[in-house]
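# Build me a model from this:
(one chain, ligands or ions: 2)
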Amino acid sequence: MPKARSNVSGFPRIGPQRELKMATEAYWAGQRPLDQLLETASGLRADNWKLQRAAGIDLIPSNDFSLYDQMLDMIALVGAVPERYGWDASSGDVDRDTYFAMARGRQEGGVDVTAMEMTKWFDSNYHYIVPELRKDTQFSFSSRKPLDEYEEAKALGIETKPVLIGPLSFLLLGKAAEGEFDRLQLLDSLVEVYARVLEELGRAGAEWVQIDEPVLVEDRTPAELEALERAYRRLGEVEGRPKILLNTYFDHVGEAFPVLAKLPVEGIGLDIVRGEQNLDLIRRHGWPQGKTLFAGVVSGRNVWINDLERSLGLLGELRTLAGDDLVVSTSCSLLHCPIDKRNEPNLDDEVLSWMSFAVQKLDEVAALTKALNEGEQAIAQALDSNRKALDDRSTSERTRNPAVRERMANISDADARRQSAFPQRRDAQHHRLGLPLFPTTTIGSFPQTQEIRQARARLRKGQIDEQQYLGLMRGEIERVIRLQEDIGLDVLVHGEPERNDMVQYFAEQMDGYVFTDNAWVQSYGSRYVRPPILFGDVSRRNAMTVEWAKYAQSLSERPVKGMLTGPVTMLMWSFVRDDQPRSETCRQLSLAIREEVSDLEAADVEIIQVDEPAIREGLPLRSDRWNEYLDWAVESFRLSTCSVRDDTQIQTHMCYSEFGDIMKQIQEMDADVLLIEAARSRMELLEDWKRTGYENEIGPGLYDIHSPRIPSTEEMAELLRLAAQVLEPEQLWVDPDCGLKTRRYEEVEPSLRNMVEAARQLREELVPAGR
Ligand code: GLN
Ligand code: ZN
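Ligands and ions are numbered 1, 2, ... in the order given. Here you go, the predicted structure:
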């Protein structure tokens with residue numbers, strides 16, 4: 001009987017103490033030679049391989065390491081370097097300078113080239129470099145990285161499985177650089193480079209190669225599936241190639257399943273955690289004879305221990321369906337989780353016993369494999385402590401707060417509905433606020449200056465006390481209020497100087513969250529994040545922002561907005577518990593924020609903004625689940641905001657994405673005012689609004705805060721005029737695309753002055769009747 005084996009799809013490369021970041025940034029800053037960076041990098045790779053071997057992993061990945069991003073590595077591998085970097089394909093492999101120039105742009109010695117675009121890797125918080133493709137893009141085998149790393153491991157006596165991103169995903173995740181065209185036209189020539197790579201890997205002795213095709217978990221057209229088939233037919237023919245594991249993750253493969261079943265590949269990787277329907281697909285279609293199933297049962301997307309017994313049940317069924325030749329795998333690369341929970345001295349043993357980071361997940365994969373091969377008694381001890389931890393977690397008062405549960409049970413439909421319909425609320429709000437036509441406002445944050453950051457650092461180090469810190473922040477708020485008055489903005493903000501981060505700031509004031517010291521996860525390149533961990537029932541301890549809001553309002557006659565982060569964004573930007581549906585966790589967050597909204601209202605705050613920048617990125621990868629998600633996401637927002645009176649105005653802000661396809665749901669959120677990113681895409685949204693309309697008030701962002709550029713009055717006035725043609729002038733607000741936190745005052749002040757002037761111009765041009 002063939003033995004089950006264990007597999008890891010990818011391991012975090014940043015190092016347990018962020019060694020890669022330190023080394024890379026020192027190299028960029030010219031403080032260290034390239035050699036030292038490369039030495040750190042190979043040290044990290046060696047440590048990772050040894051760690052996995054020691055844990056008993058059979059199929060250990062290589063080429064999962066990257067100095068910046070694995071998609072960028074693929075761009076180098078196939079020689080798809082955009083022309084502006086001046087790289088010459090006949091000059092040999094892509095050099096390090098060109099590689100980093102693509103990642104970060106280059107500005108030196110009279111050269112000034114922009115970086116390549118970066119975007120989110122599916123629904124994770126990782127960002128990849130987007131391949132730029134042109135009709136005439138020529139591919140060539142231009143980097144030996146996969147081979148070098150394979151050989152490097154081999155020299156250490158470790159056999160590895162090189163990892164590549166597949167040709168279909170490479171093309172579909174890329175973008176047309178100029179003028180749309182069918183990117184699949186490039187497939188055949190691209191696949192030839194892959195064929196060469198496979199040939200060489202085979203020659204080097206690789207037994208397996210893992211080719212990731214995560215695009216198969218999104219809705220795919222018949223033409224795309226045909227392309228998939230064509231590509232892998234060709235790769236299947238490569239003489240002397242390694243066995244191919246075609247790997248997918250993050251959801252189920254749906255209509256691609258029957259196509260996958262026919263491909264000349266030896267292994268298929270399926271995510272059984274997030275793509276539970278994969279199980280149904282196997283039941284329905286049967287497992288293709290002779291192929292090995294790589295069953296992703298240990299999540300690479302969370303920080304929680306696996307339910308070993310449950311996984312064993314699943315694996316047992318899968319073995320019956322797919323045969324004994326089964327591989328126990330992570331659900332995706334472990335890149336998305338922190339490295340080692342043993343690096344968290346400040347978490348208590350109970351919470352830690354519920355957690356599993358990358359290093360612990362290796363043990364889980366190995367234990368499950370062992371149980372399949374030797375029977376459950378072979379891991380009796382692991383099973384026992386696993387069951388105890390799960391039981392403890394499900395009964396602990398820290399995960400189940402009766403008061404929260406009771407509040408949840410008492411939610412009624414009316415709680416998620418404003419007292420009156422929008423027109424009535426609008427009249428009450430106009431009466432109370434008395435704002436001009438085209439009211440001007442900002443999104444919330446003002447520049448986080450050096451002084452602000454220093455003050456926070458000094459408080460942390462105990463160099464100043466709480467009172468001194470408060471004093472400094474108050475001074476900052478006063479400055480920001482005076483500046484806004486001077487610029488002539490109508491609705492003011494306090495500037496958010498006291499917030500380290502829009503999610504963490506609130507999470508720190510709620511029960512149900514813990515924070516880590518070293519649980520970093522790569523977001524992109526050398527930027528890593530440390531998301532708060534939501535482990536239990538969430539509740540607000542005390543009012544979170546009311547004192548700040550009262551203080552800010554006391555400084556001005558004009559309305560100053562209360563400023564909160566919405567429940568969906570809190571959920572999306574945290575690691576959240578997996579022992580209850582996300583919708584329920586989100587609802588708990590809503591209740592906590594709802595209390596804050598009510599407290600702000602009671603403190604006479606007239607306008608409350610509840611930000612939901614992350615609402616779009618929560619959309620499931622497959623459209624068949626969009627509605628289910630949007631239903632609870634919209635309901636959660638409403639629940640957090642609908643307690644207020646008619647004359648209290650609720651604003652919301654959204655950014656970072658295209659909203660055209662969810663405009664209907666955005667309308668259903670029923671915020672009185674929607675401040676939405678629009679300038680960066682040159683008001684593409686207007687086309688959508690022509691189609692769908694928008695009934696409440698709306699502020700399409702008039703300038704891109706991601707750029708240091710100062711927009712002119714004229715260009716912002718022009719955007720406003722465009723908006724006023726599609727929407728009613730009475731509906732329109734005037735605002736930037738997003739918060740100003742990352743900008744400098746030299747940019748912000750003139751930009752806002754121009755923006756206020758643009759509003760004034762429009763008021764003169766368009767004086768509608770009755771206002
Ligand atoms: N109010 C927040 C700010 O201005 C919103 C940030 C965001 O949309 N990401 O910073
Ligand atoms: Zn924003």
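
# Okay, now the unreliable bits of the chain?
The model of the chain has pLDDT under 70 over residues 1, 767-771.

# Regarding the residue in the stretch 51-200 of the chain positioned nearest to ligand 1, what is its secondary structure?
Ranking the residues of the stretch 51-200 of the chain by distance to ligand 1 (CB to the nearest ligand atom) places Asn125 first, at 13.2 Å. C-beta: built from backbone N, CA, C; applies to glycine. State at Asn125, reduced to three classes by DSSP: H, G, I helix; E, B strand; the rest coil: coil.

# and Val197, how far is that from Val94?
Distance, Val197 to Val94, by CB to CB, to the nearest Å: 14 Å.

# hang on, Leu383 packs against Leu368?
No - the pair Leu383 and Leu368 fails to qualify as a contact (CB atoms under 8 Å) at a distance of 10.2 Å.

# and for those two, which residues touch both?
Leu308 (CB atoms under 8 Å, 6 or more residues apart in numbering).

# higher neighbour count, these two?
Leu368 (25 against 17; other CB atoms under 10 Å).

# do you know how far that one is from Arg310?
Distance, Leu368 to Arg310, by CB to CB: 11 Å.

# Kindly report the same for Asp392.
Taking CB to CB, one finds Asp392 at 16 Å from Arg310.

# got it, and Ser142?
Counting by CB to CB, the gap from Ser142 to Arg310 is 45 Å.

# Out of the two, name the residue with the larger neighbour count.
The residue with more neighbours, out of Ser142 and Arg310, is Ser142; 21 against 11, by other CB under 10 Å.

# if we can go back for a sec, so the residue of the stretch 51-200 of the chain closest to ligand 1 makes contact with Arg530?
No - Asn125 is beyond contact range of Arg530, at 11.3 Å (criterion: CB under 8 Å).

# Overlap of the contact sets of those two?
Shared contacts of Asn125 and Arg530 (CB under 8 Å, 6+ apart): Val521.

# Next, the contact list for the most centrally placed residue in the chain, please.
Nearest to the mean C-alpha position of the chain, by CA atoms, centre = their mean, lies Asn125 at 2.4 Å. Asn125 makes contact with His336, Val521, Ser523, Val529, Pro531, Trp573, according to CB under 8 Å, 6+ apart.

# Val529 now?
With CB under 8 Å, 6+ apart, Val529 has these contacts: Asn125, Trp520, Val521, Ser523.

# How about Thr440?
Thr440 sits next to Gly488, Leu489, Asp490, Val491, Trp733, Val734, Asp735, Met755, Val756, Ala759 when contact means CB under 8 Å, 6+ apart.

# which phi and psi does the closest residue in space to it that isn't next to it in sequence have?
The spatial neighbour of Thr440 that comes closest, neighbours along the chain excluded (CB to CB, 6 or more residues apart in numbering), is Val734 at 4.5 Å. For Val734, the backbone dihedrals are phi -120, psi 120 (criterion: degrees, to the nearest 10).

# Which one of the residues in the stretch 601-750 of the chain is closest to ligand 1?
Per CB to the nearest ligand atom, Gly739 is where the stretch 601-750 of the chain lies closest to ligand 1, at 2.0 Å.

# In this structure Val253 contacts Leu260, no?
Yes - judged on CB under 8 Å, Val253 makes contact with Leu260 at a distance of 6.3 Å.

# Same drill for the two, tell me which one is more crowded.
The residue with more neighbours, out of Val253 and Leu260, is Val253; 27 against 23, by other CB under 10 Å.

# Quick check: chain neighbours aside, which residue is closest to Arg53?
Computed as CB to CB, 6+ apart, the closest residue to Arg53 that is not its neighbour in sequence is Ile158, at 5.7 Å.

# Any idea how many residues pack against that neighbour?
So Ile158, with other CB under 10 Å, has 16 neighbours.

# now do Asp604
With other CB under 10 Å as criterion, Asp604 counts 10.

# any idea how far the residue lying closest to it once chain neighbours are set aside is from Glu596?
Leaving aside its chain neighbours, Asp604 sits nearest to Gln553 (7.2 Å; criterion: CB to CB, 6+ apart). Separation of Gln553 from Glu596 (CB to CB) stands at 15 Å.

# And Val130, by the same measure?
To Glu596, Val130 is 38 Å away according to CB to CB.

# residues in the chain within reach of ligand 1, list them.
443-445, 496, 502, 563, 611, 613, 653, 655, 738-739, 741 (CB under 6 Å from any ligand atom).

# one step back: so the residue nearest to Thr440 sits against Gly701, correct?
No - assessed by CB under 8 Å, Val734 is found out of contact with Gly701, at 9.6 Å.

# Pick out the residue of the stretch 351-500 of the chain closest to ligand 2.
Among the residues of the stretch 351-500 of the chain, Ile443 lies closest to ligand 2, at 5.8 Å counting by CB to the ion.

# next one: the stretch 101-250 of the chain
Lys120 (14.7 Å).

# who are the neighbours in contact with the residue nearest to Arg53?
By CB under 8 Å, 6+ apart, the contact set of Ile158 is Trp49, Lys50, Arg53, Ile60.

# Up against ligand 2, what does the stretch 401-550 of the chain have?
When proximity is defined by CB under 5 Å from the ion, the stretch 401-550 of the chain lies next to ligand 2 nowhere.

# repeat that for 6 Å
Counting by CB under 6 Å from the ion, the stretch 401-550 of the chain comes close to ligand 2 at Ile443.

# Same question for the chain.
By the rule CB under 6 Å from the ion, the part of the chain lying against ligand 2 is Ile443, Pro613, His653, Cys655, Cys738, Gly739.

# The second one is in contact with Thr652, isn't it?
Meaning Pro613. No - assessed by CB under 8 Å, Pro613 is found out of contact with Thr652, at 9.5 Å.

# Identify the contacts common to the two.
Counting by CB under 8 Å, 6+ apart, nothing touches both Pro613 and Thr652.

# Write a PyMOL command that selects only the buried members of the contacts of Asn125.
Command for PyMOL, covering only those of those found buried under the criterion 16 or more other CB atoms under 10 Å:
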select buried, resi 336+521+523+531+573
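
# which residue packs closest to the residue of the stretch 351-500 of the chain closest to ligand 2, ignoring adjacent ones?
Closest to Ile443 by CB to CB, 6+ apart is Gly739, at 4.5 Å.

# Strands along the stretch 551-700 of the chain, start to end?
Assigned by DSSP state E, counting those that start in this stretch, the strands in the stretch 551-700 of the chain fall at 562-565, 575-576, 607-611, 649-654, 673-676, 697-700.
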